[in-house]
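> turn this into a model:
(one chain, ligands or ions: 1)
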Amino acid sequence: MNVYAPMAKTNAVDDETSTFAQDVIDGLSQHPKHLPPKYFYDAAGSELFEQITRLPEYYPTRTELSILRDRGEAIATVIPEGAALVEFGAGATTKIRLLLQNCTLGAYVPVDISRDFVMAQAEALRRDFPTLAVYPVAADFTAPFALPDPVRAMPKVGFFPGSTLGNFEPHEACAFLKSARDILGEGAQMVIGVDLEKDERVLYDAYNDAAGVTARFNLNVLARINRELGGNFDTGAFIHRAIYNRDRHRIEMHLISRKAQTVHVLGNTFSFRAGESIHTENSYKYSLERFNALARGAGWTPRETWTDGAGMFSVHALVAEG
Ligand code: AVI
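This next block holds a predicted model:
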């Protein structure tokens, strides 16, 4: 499963490097060539993603924030007093801070694969909310993990903002929601941000910004292969392409080879035809109905949905019952 976590991670260990190497070699050996989107997020890629979230064309981040802000009181009603809020993937703390304005948590449990990162995030929140109990968990949040003992008896609320679910393939999204239900248990709530289908031009522009930041973000994965795996990609010999695939309800990001060329990575040679693509990311867009069906199929009952006035983005409350 392609775990995705849009912030800089610092604990590069050998295991991670060898998984990266294996995934790159596997992905570039296949037809069509592809790379897992999780590898966008080294320090440079995370910084570029931060820039993307502030672009005028990239509506998801600011729209989700506006929903969390404007509908904060209503959202807080699904978060029982004293609940443990389990955030899947430690992102910027902006969103949890918005929730904290309207609810009284028993504990906050950020979960992220990077120990350093999740510890730093916990520390920052403890500083600003000294009475909040914070129990960081270093784990792959798409696989089963144990909740910290002190929160076991508390009501549980999952939190998965950012439309990160959209970067999962549909079967991965279903598997994640099922796994989250198992981890949180019967009766748990889930608050999740999901990007919506909309005018194709708006979608296209969001992934083809005029300033070229998304292009740099996409190309950075090749630069990362060069930096970390000693590859010899000429990043100028590839171009960014993002298209909306209407049939599959997804934005696809590709890197297109400008010419016939060969590239070497760790003793492997990869040949590219002129115009050949490396498929680097899918970003699925849901209708409310399709998301609700996905949630139901994973054992969650849709409870409430909040959208912005223009129907660009949605925040859902789900409950694990039945
Ligand atoms: C993190 N994720 C939800 C972003 C998205 O919109 O799919 C990643 C991204 N890719 C290009 N721009 C932003």
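> show me what the helix or strand encompassing S18 is in contact with.
Per DSSP states H and E: S18 is located in helix 14-29. Residues outside helix 14-29 that contact it (Cβ atoms under 8 Å, 6 or more residues apart in numbering): 33-36, 39, 225, 228-229, 231, 263, 265-266, 268, 270, 278. C-beta coordinates here come from the backbone N, C-alpha and C atoms, glycine included.
> what do you get for stretch 56-66?
Contacts for stretch 56-66 (Cβ under 8 Å, 6+ apart): 52-54, 94-95, 98, 161-163, 193, 195, 202, 205-206, 208-210, 214, 308, 312-313, 315.
> buried residues in it?
Under the neighbour-count criterion of 16 or more other Cβ atoms under 10 Å, stretch 56-66 has 57-61, 63-65 buried.
> same question, stretch 126-141
129, 132-139, 141.
> I'd like to know how many residues surround G82.
13 (other Cβ atoms under 10 Å).
> hang on, the earlier thing: export the buried residues of stretch 126-141 to JSON lines and tack on secondary structure?
As requested, those are arranged in JSON lines below (DSSP: H, G, I helix; E, B strand; the rest coil):
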{"residue": "F129", "secondary structure": "coil"}
{"residue": "L132", "secondary structure": "coil"}
{"residue": "A133", "secondary structure": "coil"}
{"residue": "V134", "secondary structure": "strand"}
{"residue": "Y135", "secondary structure": "coil"}
{"residue": "P136", "secondary structure": "coil"}
{"residue": "V137", "secondary structure": "strand"}
{"residue": "A138", "secondary structure": "strand"}
{"residue": "A139", "secondary structure": "coil"}
{"residue": "F141", "secondary structure": "coil"}
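> and the nearest residue to T307 once chain neighbours are set aside, what helix or strand is that in?
Of all residues beyond its chain neighbours, the one nearest T307 is S314 (4.9 Å), with distances taken as Cβ to Cβ, 6 or more residues apart in numbering. Of the helices and strands defined by DSSP H and E, S314 is found in strand 313-319.
> now that strand: average pLDDT?
Per-residue pLDDT values over strand 313-319 give a mean of 98.
> what helices or strands is that strand leaning on?
With contacts taken as 3 or more Cβ pairs under 8 Å, 6 or more residues apart in numbering; DSSP states H and E, strand 313-319 sits against helix 59-70, strand 189-195, helix 288-297, strand 301-307.
> the third one: how far from the chain's middle?
Computed by Cα atoms, centre = their mean, to the nearest Å, the separation of helix 288-297 from the middle of its chain amounts to 19 Å.
> now H264, which residues is it bridged with?
T269 (DSSP bridges).
> which other residues reach the strand holding S314?
By Cβ under 8 Å, 6+ apart, the list of residues contacting strand 313-319 reads 59-60, 63-64, 67-68, 71, 75, 78, 161, 163, 187-196, 286, 288, 291-292, 295, 300-307.
> which of the contacts of helix 14-29 fall within strands?
33-34, 263, 265, 268, 270, 278 (DSSP state E).
> are any of these buried, and which?
Here, 16+ other Cβ under 10 Å leaves 33-34, 263, 265, 270, 278 buried among those.
> residue contacts, E81?
103-104, 106.
> which one of these sits closest to the ligand?
Each of the contacts of E81 was scored against the ligand by Cβ to the nearest ligand atom, and C103 proved nearest at 24.5 Å.
> quick check: that closest one touching E73?
No - C103 is beyond contact range of E73, at 9.4 Å (criterion: Cβ atoms under 8 Å).
> those two: which is more packed in?
Of the pair C103 and E73, C103 is the one with more neighbours under other Cβ under 10 Å, namely 19 against 10.
> need the residues of this protein near the ligand, please.
Contact residues, the chain versus the ligand (Cβ under 6 Å from any ligand atom): 6, 52, 60, 162-164, 166-167, 207, 214, 281, 283.
> and the helices and strands packed on strand 313-319, which is most packed in?
With neighbours defined as mean count of other Cβ atoms under 10 Å, the helices and strands packed on strand 313-319 peak in mean count at strand 189-195, which reaches a mean of 25.
> can you list the strands that that one pairs with?
Strand 189-195 has these strand partners (DSSP bridges): strand 156-160 (parallel), strand 313-319 (antiparallel).
> can you redo those strands as a markdown table with mean neighbour count?
As requested, the strands paired with strand 189-195 are exported to a markdown table (neighbours: other Cβ atoms under 10 Å):
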| stretch | mean neighbour count |
| --- | --- |
| strand 156-160 | 23 |
| strand 313-319 | 23 |
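> so where is the chain shaky, pLDDT-wise?
Scanning the chain with the threshold set as pLDDT under 70 gives 1-13.
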